[in-house]
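> Give the three-dimensional model of this entry:
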Amino acid sequence: MMNYYQNPMYGWGYYGSWGMLPGLFFFVLLILVAILLVKFLTDHSHEPENNNRPLEILKERYAKGEINKSEFEEMKKQLK
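Residues are numbered from 1 along each chain as shown. Below is the predicted model:
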């Protein structure tokens, strides 16, 4: 009959105290990748910014006749 303390699955198991580290490292890495993936997919800052949008609005207003040429030129100077 085998002694209880000679059982290879006793204590830390077959791998000993260091055998758990690679598996633990893998699961921590897996969790970090999942968190970063969720953060990347929900982050909207990766969309390109349109810095010319105020000028486009100003041109639209001028085209609609809401402002005249002198107002358009003055507002255009203020934007730049």
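> which residues of this protein fall in helices?
Ranges of helices in the chain, per DSSP state H, are 21-42, 53-64, 69-79.
> can I get these in TSV with mean pLDDT?
Output for the helices of the chain, formatted as TSV (pLDDT from 0 to 100):
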stretch	mean pLDDT
helix 21-42	91
helix 53-64	92
helix 69-79	92
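> can you list the ones you listed in JSON lines and add mean neighbour count?
Bear in mind the C-beta positions are built from the backbone N, C-alpha and C, glycine included. Shown next, in JSON lines, are the helices of the chain (neighbours: other Cβ atoms under 10 Å):
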{"stretch": "helix 21-42", "mean neighbour count": "10"}
{"stretch": "helix 53-64", "mean neighbour count": "12"}
{"stretch": "helix 69-79", "mean neighbour count": "11"}
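> count of residues packed around Gly65?
Neighbourhood size, Gly65 [other Cβ atoms under 10 Å]: 7.
> Would you mind measuring from it to Met75?
15 Å (Cβ to Cβ, to the nearest Å).
> go on, Phe25?
For Phe25, the distance to Met75 - Cβ to Cβ - is 59 Å.
> Could you do Arg53 as well?
14 Å.
> what's the answer for Gly23, then?
For Gly23, the distance to Met75 (Cβ to Cβ) stands at 63 Å.
> next one: Ile57
The spacing between Ile57 and Met75, counted by Cβ to Cβ, is 10 Å.
> repeat for Met20
Met20 sits 67 Å away from Met75, going by Cβ to Cβ.
> same thing with Phe26?
From Phe26 to Met75 the distance is 59 Å (Cβ to Cβ).
> quick one: Gly52 from Ser70, how far?
For residue 52 the amino acid is Asn, not Gly. 22 Å.
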